[in-house]
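Student: no sequence for this one, just the structure:
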């Protein structure tokens with residue numbers, strides 16, 4: 001495109017004035033009712049509205065500029081503005097529908113009047129025609145249902161497509177305590193709405209009595225995930241709620257345990273205040289740490305536990321006093337309850353986790369009151385904060401305490417079958433995934449959420465998420481298993497969304513987890529059996545050592561025994577060997593006693609010493625001979641010693657005079673030593689003397 005030069009501005013102005021003189025007007029009409037409607041474009045032939053011929057005089061004055069530099073901005077034009085709109089506040093309201101439509105002269109509560117009116121209507125001609133007309137449409141729908149099975153599984157034979165993406169979790173929302181500006185309250189418990197993951201109930205309490213101010217807020221809240229700006233309902237108890245639980249059979253009812261030991265229940269249709277509270281005299285004496293609804297026909301029974309060492313059963317229709325109670329005592333020790341587990345498929349059994357690191361297995365319907373606590377599991381080093389059975393395999397349950405989480409089998413009480421590694425920070429809570437039997441969650445004191453997937457790996461967590469910087473206190477998963485709600489000590493509840501790999505189970509996962517649990521259970525039972533055999537062997541060795549001490553060789557031989565039966569057999573064989581040896585010795589002694597006594601022999605002993613004083617040398621150099629017969633019993637088998645000469649290292653001149661010494665120079669202490677028999681060992685003194 002040629003652009004006019006700066007010098008040819010006169011021709012340009014003339015062209016513009018010519019265009020302004022031309023009146024190019026296009027008039028169209030439109031009804032006022034059609035104003036504001038959208039434009040409907042159509043396809044038509046082109047129309048010529050103006051034709052301007054070129055002016056050769058002006059063209060001669062046109063000068064081309066070569067080269068022509070032009071700056072072009074290729075960025076889109078944007079504008080920034082702010083708009084402040086009015087806040088749109090919504091409110092949820094309920095409507096109660098009752099039976100109606102009866103005539104004024106008919107009382108719906110009278111059965112006879114309603115039956116009489118129904119018979120009258122059924123005889124009406126209009127009613128019959130309406131039923132016939134609607135029957136044709138209903139018959140058509142029934143035939144369609146018979147022709148097509150809407151519940152048919154078309155892809156039942158195909159394997160599930162499992163996502164290969166790595167496990168992940170994404171934070172989608174954070175619910176904060178509305179009263180966090182006054183005082184930071186920790187999240188004591190979380191409960192999901194039973195009819196889908198739409199609402200979550202959160203209780204707040206300060207568990208440190210001395211740290212809580214006198215004017216602390218006692219409110220707890222129910223949050224709606226679709227409206228996270230403010231709580232849907234504020235629960236206003238007398239004392240801060242330590243635990244809060246939804247009723248599975250009636251989602252409008254919640255039951256909570258207070259810090260002062262009271263039990264109360266709420267109906268969301270009746271407002272924020274509790275419907276009824278228990279009396280102080282019949283309630284717990286310590287904070288109620290856990291409350292659970294029971295699988296009763298009425299759906300109104302629940303149970304609670306506290307550190308006062310009791311489990312109480314309640315009926316919310318008459319919650320002023322408990323219906324039953326149980327004292328937590330095991331081996332003469334009173335235990336305080338902290339966690340509680342009740343499985344609806346086991347209506348009589350329940351489990352209690354105590355602050356004395358013990359888990360109690362109880363049976364409410366036991367015939368003997370003393371046998372209501374049937375077993376105890378103790379392997380932790382601290383308070384059992386969380387206790388929950390596996391949703392798929394109720395035989396196995398999860399416990400969380402100290403720095404470790406453990407998985408137990410109900411029929412094996414000695415030790416856990418699986419456990420996590422020891423963490424650097426304290427573990428505060430844990431729960432199972434509702435859809436996957438091999439996935440569970442644990443929260444830590446350093447603000448970390450660990451997600452364990454035994455199908456993926458067993459030695460470490462499949463996913464570790466740093467939720468916040470403050471300690472975590474509670475974690476719960478809804479029935480769908482898509483979300484995870486995590487509470488902290490600062491009053492915040494973080495909502496996480498799990499990936500498909502952590503939510504959707506595979507077709508073979510249940511069988512794999514069942515085989516894994518059974519394998520670990522058999523392994524622990526085998527190790528426990530071997531350990532019992534070792535302890536039995538040690539007790540047998542210690543008892544044998546106390547009754548009959550044995551030489552070192554025999555102790556070594558006994559130490560190689562593997563079972564108690566072999567030890568008893570070897571002891572019996574040794575006993576009879578000793579008896580046979582003693583019989584043999586007794587027979588030998590009888591034979592020696594029957595033989596004639598040998599003649600007496602003469603024994604000469606010469607004692608020469610170089611330590612005799614000079615004045616006594618002449619009298620002690622005489623030769624001495626003595627005939628002696630030692631007085632030794634025959635039972636010892638000792639014979640008379642032969643003639644023995646004992647000389648000392650004396651000078652030659654002294655030894656030459658030995659023949660002149662007499663028997664009177666023999667000292668009284670020098671007696672002939674007896675010769676031991678063949679079956680009696682010789683001591684060191686006798687041997688040295690004979691060698692000399």
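Tutor: Structure received. Everything numeric in this text was worked out from a predicted model, so none of it was measured.
Student: Where does the prediction get shaky in the stretch 401-550 of the chain?
Tutor: Confidence mapping of the stretch 401-550 of the chain against pLDDT under 70 gives the ranges 548-550.
Student: should've said the chain
Tutor: In the predicted model, the chain carries pLDDT under 70 at residues 1-26, 156-164, 181, 369, 548-565, 595-692.
Student: Give me the spatial nearest neighbour of the most centrally placed residue in it, chain neighbours excluded.
Tutor: With distances taken as CA atoms, centre = their mean, residue 405 lies nearest the centre of the chain, 3.4 Å away. Among residues not flanking residue 405 along the chain, residue 420 sits closest, at 4.7 Å (CB to CB, 6 or more residues apart in numbering). The way it works is simple: take the backbone N, C-alpha and C, and place the C-beta from them, glycine included.
Student: Any figure for the gap between that neighbour and residue 378?
Tutor: Separation of residue 420 from residue 378 (CB to CB, to the nearest Å): 18 Å.
Student: So those two - more neighbours on which side?
Tutor: residue 420 (21 against 15; other CB atoms under 10 Å).
Student: what residues are up against that one?
Tutor: Counting by CB atoms under 8 Å, 6 or more residues apart in numbering, residue 420 touches 404-406, 442, 450, 452, 461.
Student: any idea which helix is longest in the protein?
Tutor: helix 509-547 (DSSP state H).
Student: If you count neighbours, what's buried in that helix?
Tutor: For helix 509-547, burial by neighbour count (16 or more other CB atoms under 10 Å) applies to 509, 513-514, 516-517, 520-521, 524, 537, 540-541, 544.
Student: Could you do stretch 198-213 as well?
Tutor: Using 16+ other CB under 10 Å as the test for burial, stretch 198-213 gives 199-207.
Student: Let's have those residues in a markdown table, adding distance to residue 58 and secondary structure.
Tutor: Output for these, formatted as a markdown table (distance: CB to CB, whole Å; DSSP: H, G, I helix; E, B strand; the rest coil):
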| residue | distance to residue 58 | secondary structure |
| --- | --- | --- |
| 199 | 79 | strand |
| 200 | 80 | strand |
| 201 | 85 | strand |
| 202 | 83 | strand |
| 203 | 88 | strand |
| 204 | 86 | strand |
| 205 | 91 | strand |
| 206 | 91 | coil |
| 207 | 94 | coil |
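Student: Show me which of those is closest to residue 263.
Tutor: residue 203 (13.3 Å; CB to CB).
Student: Correct me if wrong: that closest one contacts residue 219.
Tutor: No. When contacts are counted by CB atoms under 8 Å, residue 203 is not listed as touching residue 219 (9.6 Å).
Student: Name the residues contacting each of the two.
Tutor: residue 235.
Student: rewinding a little: I'd like the buried residues of helix 509-547 as JSON lines, with distance to residue 184 appended.
Tutor: Putting the buried residues of helix 509-547 into JSON lines (distance: CB to CB, whole Å) gives the following:
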{"residue": "509", "distance to residue 184": "41"}
{"residue": "513", "distance to residue 184": "40"}
{"residue": "514", "distance to residue 184": "44"}
{"residue": "516", "distance to residue 184": "42"}
{"residue": "517", "distance to residue 184": "41"}
{"residue": "520", "distance to residue 184": "42"}
{"residue": "521", "distance to residue 184": "44"}
{"residue": "524", "distance to residue 184": "43"}
{"residue": "537", "distance to residue 184": "58"}
{"residue": "540", "distance to residue 184": "61"}
{"residue": "541", "distance to residue 184": "60"}
{"residue": "544", "distance to residue 184": "65"}
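Student: Quick check: the farthest pair among the residues you listed?
Tutor: Spatially, the most separated pair among the buried residues of helix 509-547 is 509 and 544, at 52.9 Å (CB to CB).
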